[in-house]
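Asks: Next comes the sequence, and after it the predicted model I'd like to discuss.
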Amino acid sequence: MSPENIKSAIEKSINASHVEVSGDDGAHFEAVVVSGEFEGKTPVERHKMVYAALGDAMREEIHALSIKTYTPGQYGG
């Protein structure tokens, strides 16, 4: 699994204005996701949306994923 694959999966499932994924060992990644879909959602609900976007990869290919989620207003200041 590559950062590009993770980014693509997130973008296919969540209408995001910004997705940034980093990680270079193939198993540990960090993601920043900005989406209006996060409005009114708790951090746990937001993370569940990202996990759902990644599906089986979260159990099989991704060992660790640090997620930061923001609404456009939170990210833009």
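Replies: Nice, I can see it. Bear in mind that the values here come from a model prediction, so they are computed numbers and not experimental data. Numbers count the residues shown, from 1 in each chain.
Asks: Roughly how far does residue 46 sit from residue 25?
Replies: 25 Å (CB to CB, to the nearest Å). (C-beta placed from N, C-alpha, C; glycine too.)
Asks: What segments of the chain are strands?
Replies: In the chain, the strands defined using DSSP state E lie at 16-22, 28-35, 64-70.
Asks: Give me the contact list for the longest one.
Replies: This points to strand 28-35. 1, 3, 6-7, 10, 14-23, 46, 50, 62-72, 74-75 (CB atoms under 8 Å, 6 or more residues apart in numbering).
Asks: Could you turn the buried ones of these into a PyMOL selection?
Replies: To isolate the buried ones among those in PyMOL, judged by 16 or more other CB atoms under 10 Å, type:
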select buried, resi 1+3+6+7+10+14+16+19+21+23+46+50+62+65+67+69+70+71+75
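Asks: Scan the helices and strands of this structure for the one with the lowest mean pLDDT.
Replies: When the helices and strands of the chain are compared on mean pLDDT, DSSP states H and E, helix 57-60 comes out lowest with a mean of 84.
Asks: For it, buried residues please.
Replies: Under 16+ other CB under 10 Å, the buried positions of helix 57-60 are residue 58.
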